[in-house]
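S.K.: I need the structure of the sequence given here:
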Amino acid sequence: LLDSLVFAGPKRTIRSVWRRGRVVVENGRHVGRDAIEARYRRALDAVLGG
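M.R.: Numbers count the residues shown, from 1 in each chain. Down below sits the predicted model:
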């Protein structure tokens, strides 16, 4: 439920999230999104034989 609110809620519902003194969401975007997406794409390519 919280993921839905943070990442799929109306724009600017939550601008930032801190965890253990570190920002993990900034301006509504997960700070590791690019790296996570790249790993996901590599894994998907490996599974699909791409």
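S.K.: from here on, contacts and neighbour counts on C-alpha atoms
M.R.: Noted.
S.K.: For this protein, just list every one of the helices.
M.R.: Using DSSP state H, the helices found in the chain span residues 2-8, 33-48.
S.K.: Pick out the residue nearest the middle of this protein.
M.R.: H30 (4.0 Å; Cα atoms, centre = their mean).
S.K.: which residues touch the closest residue to N27 other than its chain neighbours?
M.R.: Using Cα to Cα, 6 or more residues apart in numbering and skipping the chain neighbours, the partner closest in space to N27 is R15 (4.6 Å). Shown in contact with R15 (Cα atoms under 8 Å, 6 or more residues apart in numbering): 25-29.
S.K.: now L5
M.R.: For L5, the contact set (Cα under 8 Å, 6+ apart) comprises 13-14.
S.K.: rerun that using 7 Å as the cut-off
M.R.: L5 makes no contacts at all, as judged by Cα atoms under 7 Å, 6 or more residues apart in numbering.
S.K.: Same check on H30?
M.R.: Contacts of H30 were listed using Cα under 7 Å, 6+ apart, and they are V24.
S.K.: farthest-separated two in the contacts of R15?
M.R.: V25 and N27 (6.7 Å; Cα to Cα).
S.K.: what about those two, which has more around it?
M.R.: Just comparing V25 and N27: by other Cα atoms under 10 Å the higher neighbour count belongs to V25, 19 against 13.
S.K.: doesn't T13 make contact with the more buried one?
M.R.: No: look at V25 against T13 with Cα atoms under 7 Å: they stay out of range, at 12.0 Å.
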